[in-house]
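# I would like the atomic coordinates for the input below:
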Amino acid sequence: MPNSNMLVGGYNPLDWNGNVGWKNTTDSFIFSLRDLNNLQSAKLGRVTESNHAVYCNNGYCPLFGRGNDLYANNNSNNWQHCSTSYPSIGIPSSFTISDYEVFQVVKN
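Modelled structure (predicted):
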């Protein structure tokens, strides 16, 4: 979707630290919001292959899913989506992002 304002993201309850490879969780999901002015356009896809929920490697940006369901190629702004460990929710197969953020929630 050229020149789109689509919001794409994911949630991972685990840390992203280290070169440990695959991490297992049933709580991860990816999401898309096609129209920022219409919350009804939001879609959420929960992980279906929990043993391939997220991949942790210092050479990658966040990587969700065994089939690279959502990830940045070589830490660039060129991201890709391929439904394998998460259901298809209308994210384009490849797209360029303007920015991304990673948040960590810490329990006090």
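
# who is Asp31 paired with across the strands?
Careful, residue 31 is Phe and not Asp. Gly9, Leu44 (DSSP bridges).

# what sits against it?
Counting by CB atoms under 8 Å, 6 or more residues apart in numbering, Phe31 makes contact with Val8, Gly9, Gly10, Tyr11, Ala42, Lys43, Leu44, Gly45, Ile89. Bear in mind the C-beta positions are built from the backbone N, C-alpha and C, glycine included.

# tell me where the model's unsure across this structure.
1-3, 74-75 (pLDDT under 70).

# where do the strands of it begin and end?
Counting by DSSP state E, the chain has strands at residues 7-11, 21-23, 29-33, 42-46, 54-56, 63-64, 70-72, 78-80, 94-96.

# name only those of the contacts of Phe31 that count as buried.
When these are checked for burial by 16 or more other CB atoms under 10 Å, the buried set is Val8, Gly9, Gly10, Tyr11, Gly45, Ile89.

# neighbours around Cys61, how many?
By the criterion of other CB atoms under 10 Å, Cys61 has 18 neighbours.

# what separation is there between it and Val54?
Relative to Val54, Cys61 is positioned 11 Å away (CB to CB, to the nearest Å).

# how about Tyr71?
Remark: distance between Tyr71 and Val54 (CB to CB) = 10 Å.

# who's more crowded, the two?
Between Tyr71 and Val54, counted using other CB under 10 Å, the more crowded position is Val54 (26 against 20).

# next up, phi/psi of the residue lying closest to Ser98 once chain neighbours are set aside, please.
Distances taken as CB to CB, 6 or more residues apart in numbering put Asn77 closest to Ser98, at 7.3 Å, once the chain neighbours are dropped. Phi and psi for Asn77, reported as degrees, to the nearest 10, are phi -90, psi 0.

# that's all I had, so thanks and see you.
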